[in-house]
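K.L.:
Give me a model of this one.
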Amino acid sequence: MLLDKKPISILCLIISVLLVPRAARADGLSDALESGISSVLPEMVEIRHHLHQNPELGNQEFETAALVAKHLEELGLAVREGIAVTGVIGVLEGGRPGPVVAVRADMDALPVIENTDLPFKSTKRTQFMGKEVGVAHACGHDIHMSVVLGVAKVLAGMREDLPGTVMFIFQPAEEGPPPGEKGGASLMLEEGAFDALKPDAIFGLHSWPLEVGIVGWAEGPTMASVDHFVFKIRGKQSHGAYPHLGRDPIVMAAQAVEAFQTIRSRNLSPFEPSVVTVGIVRGGERFNIIPEEVHLEGTVRTFSPETRETVKRRMEEILDGVTRAGGGSYEIVQYRNNAPATINDPELARRVRPAMVRAAGESRVIDTDPTMGGEDFAYFANEVPGFYFRLGVVAPGTVSGGLHTPDFRADDSALEVGIRTMASIVVDFLSAE
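P.N.:
Numbering: from 1, shown residues only. Sure, this is the predicted structure:
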């Protein structure tokens with residue numbers, strides 16, 4: 001009996017694919033990446049300029065989210081909108097079986113007046129906390145979105161050969177939601193971002209004032225946890241000429257602020273990084289009156305949960321001791337644990353480093369020290385293994401201010417490096433399974 005030739009040909013095709021070495025298949029995908037990256041760059045530059053000129057604050061990224069969703073829908077992705085107010089998730093299913101990976105970009109801008117000579121600089125103004133402010137992508141989130149949209153377009157163009165599934169997560173309010181509102185990565189998870197489809201790993205990137213072409217990586221801690229405290233120290237008001245009749249909260253506040261710095265120097269290991277910063281001290285109405293109370297507000301940055309708890313406990317003990325000694329009292333108005341520390345999963349970091357080297361070059365992939373800046377990508381990385389890298393965005397021969405400053409300046413040429421690096425990481429991860 002003769003067999004039907006069609007089933008035989010299909011069987012041979014399946015066998016031939018399975019017999020192709022995994023590395024060879026990954027190289028084929030890498031070749032497809034290169035041609036895809038060159039074709040999407042002009043469009044991503046245009047998108048970046050539009051996003052930069054039209055920034056929106058946290059939980060207000062309505063136009064930004066609409067642009068992102070439209071782009072993902074045009075690529076044929078399944079798109080979910082309105083997660084955590086304005087968040088967007090697009091899902092790309094590859095033509096071959098494989099794992100699930102997520103890529104995250106943040107969408108919000110900052111209340112900063114931009115001071116650059118970019119022809120597409122932001123001149124936008126809006127209301128924030130009762131006053132008019134500028135709005136600018138002074139943290140590079142326009143670069144992040146453009147890179148991830150570029151990756152989505154490149155991978156969508158090779159979906160038939162792509163093993164597995166890619167989730168593209170566009171997150172609002174990374175810099176924090178407006179006072180009294182919820183938002184960001186934690187709210188996206190609370191509203192089910194990972195419920196229907198949970199990734200095996202998640203990747204993110206951040207613009208950094210390094211030269212374009214440089215990519216920073218690290219195993220383990222890379223960004224600190226972010227806590228926000230508000231304390232009130234209460235005393236007894238009196239005439240400034242008769243301090244013995246009052247209980248001076250300004251003196252107590254000064255003693256507390258100074259004593260907070262001994263937590264780092266005397267209560268923690270010298271090898272354990274931490275920061276306690278009091279950013280606001282507010283009290284008094286007139287030069288010759290000792291006020292009733294003083295407001296203290298600031299932030300704590302740490303890398304381990306144990307250190308995080310130790311700092312909080314010691315701050316309370318210091319406030320208690322100082323105010324008792326001064327005859328006053330204190331109140332913890334707020335002590336909010338915001339984003340936890342961002343920890344790059346060591347195994348995942350080592351696994352993706354070869355892809356970064358191929359994308360950027362061995363000499364351009366540099367080891368980076370942890371920073372005390374915070375990043376709520378950590379919420380995602382606490383749910384699944386995560387890896388977060390830094391992307392150099394300063395063009396040679398130019399200068400940029402630091403993150404969150406009016407002079408922060410990212411160059412369009414960073415997009416190509418960012419797309420190539422992120423796409424290579426994703427394809428490598430999917431192909432290695």
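K.L.:
In stretch 210-230, which residues are buried?
P.N.:
Using 16 or more other CB atoms under 10 Å as the burial criterion, the residues of stretch 210-230 that qualify are 210-219, 221-227, 229. C-beta: built from backbone N, CA, C; applies to glycine.
K.L.:
Mark which of those are part of helices, please.
P.N.:
Counting by DSSP state H, those place none of their members in helices.
K.L.:
Outside of stretch 258-275 itself, list whatever touches it.
P.N.:
Stretch 258-275 has contacts (CB atoms under 8 Å, 6 or more residues apart in numbering) with 224, 276, 278, 299-304, 307, 310-311, 314-315, 318, 322, 370, 372.
K.L.:
Give me the buried subset of the residues you listed.
P.N.:
224, 276, 278, 299-303, 307, 310-311, 314-315, 318, 322, 370, 372.
K.L.:
Restricted to strands, list these.
P.N.:
Ala224, Val276, Val278, Thr299, Val300, Arg301, Thr302, Met372 (DSSP state E).
K.L.:
Taking those residues together, which two end up most distant?
P.N.:
Taking every pair in those and measuring CB to CB, the maximum separation is 16.8 Å, between Ala224 and Val278.
K.L.:
Pull up the distance across stretch 403-422, start to finish.
P.N.:
Between the opening and closing residues of stretch 403-422 we find a distance of 21 Å, counting by CA to CA, to the nearest Å.
K.L.:
I figured Leu430 was touching Met158, is that so?
P.N.:
No. Taking contacts as CB atoms under 8 Å, Leu430 lies outside contact range of Met158: 11.2 Å.
K.L.:
residue contacts, the residue nearest to the spatial centre of the chain?
P.N.:
Closest residue to the average C-alpha location of the chain: Glu375 at 4.1 Å, with CA atoms, centre = their mean. If you count contacts by CB under 8 Å, 6+ apart, Glu375 has them with Glu174, Gly204, His206, Met223, Ala339, Thr342, Tyr388.
K.L.:
For Met167, state which of the residues you listed is nearest.
P.N.:
Using CB to CB, Gly204 comes nearest to Met167 of the contacts of Glu375, at 12.2 Å.
K.L.:
in a strand, that's where that closest one is, yeah?
P.N.:
Yes. Residue state for Gly204 (DSSP: H, G, I helix; E, B strand; the rest coil) corresponds to a strand.
K.L.:
now it: how far from Val276?
P.N.:
Plainly put, Gly204 is 27 Å away from Val276 if you go by CB to CB, to the nearest Å.
K.L.:
Also Asn288?
P.N.:
For Asn288, the distance to Val276 (CB to CB) stands at 32 Å.
K.L.:
got the phi/psi numbers for the residue lying closest to Glu211 once chain neighbours are set aside?
P.N.:
Across the structure, with CB to CB, 6 or more residues apart in numbering as the measure, the residue nearest Glu211 apart from its sequence neighbours is Gly392 (5.0 Å). The phi/psi pair for Gly392 (degrees, to the nearest 10) reads phi -70, psi 130.
K.L.:
who are the neighbours in contact with Gly392?
P.N.:
Trp208, Pro209, Leu210, Glu211, Val212, Gly213, Ile214, Val215, Gly216, Ala414, Val417.
K.L.:
All the strands of the stretch 151-300 of the chain, in order from the start?
P.N.:
Using DSSP state E, counting those that start in this stretch, the strands assigned to the stretch 151-300 of the chain run over residues 163-171, 201-211, 215-217, 220-224, 227-234, 238-239, 274-283, 289-290, 293-302.
K.L.:
excluding its backbone neighbours, what's nearest Gly58?
P.N.:
Distances taken as CB to CB, 6+ apart put Ala173 closest to Gly58, at 3.5 Å, once the chain neighbours are dropped.
K.L.:
wait, isn't Val85 in contact with Glu56?
P.N.:
No. When contacts are counted by CB under 8 Å, Val85 is not listed as touching Glu56 (11.3 Å).
K.L.:
so how far is the longest helix along the chain from its chain's centroid?
P.N.:
Longest helix in the chain, counting residues (DSSP H): helix 22-53. Shown here is helix 22-53, whose average C-alpha point lies 22 Å from the average C-alpha point of the whole chain (CA atoms, centre = their mean, to the nearest Å).
K.L.:
Just list what that helix packs against, helices and strands only.
P.N.:
For helix 22-53, the contact count by 3 or more CB pairs under 8 Å, 6 or more residues apart in numbering; DSSP states H and E identifies helix 62-74, helix 141-156, helix 414-431 as packing neighbours.
K.L.:
how far off helix 62-74 does the second one point, in degrees?
P.N.:
Interaxial angle, helix 141-156 versus helix 62-74 (axes from the mean of the first three to the mean of the last three CA atoms, to 10 degrees): 10 degrees.
K.L.:
Please name every helix or strand in contact with helix 141-156.
P.N.:
Contact here means 3+ CB pairs under 8 Å, 6+ apart; on that basis helix 141-156 packs against helix 22-53, helix 62-74, strand 87-93, strand 96-106, strand 163-171, strand 201-211, strand 386-394, helix 414-431.
K.L.:
Direction included, what does the third one pair against?
P.N.:
When pairs are called by DSSP bridges, strand 87-93 turns out to pair with strand 78-83 (antiparallel), strand 163-171 (antiparallel).
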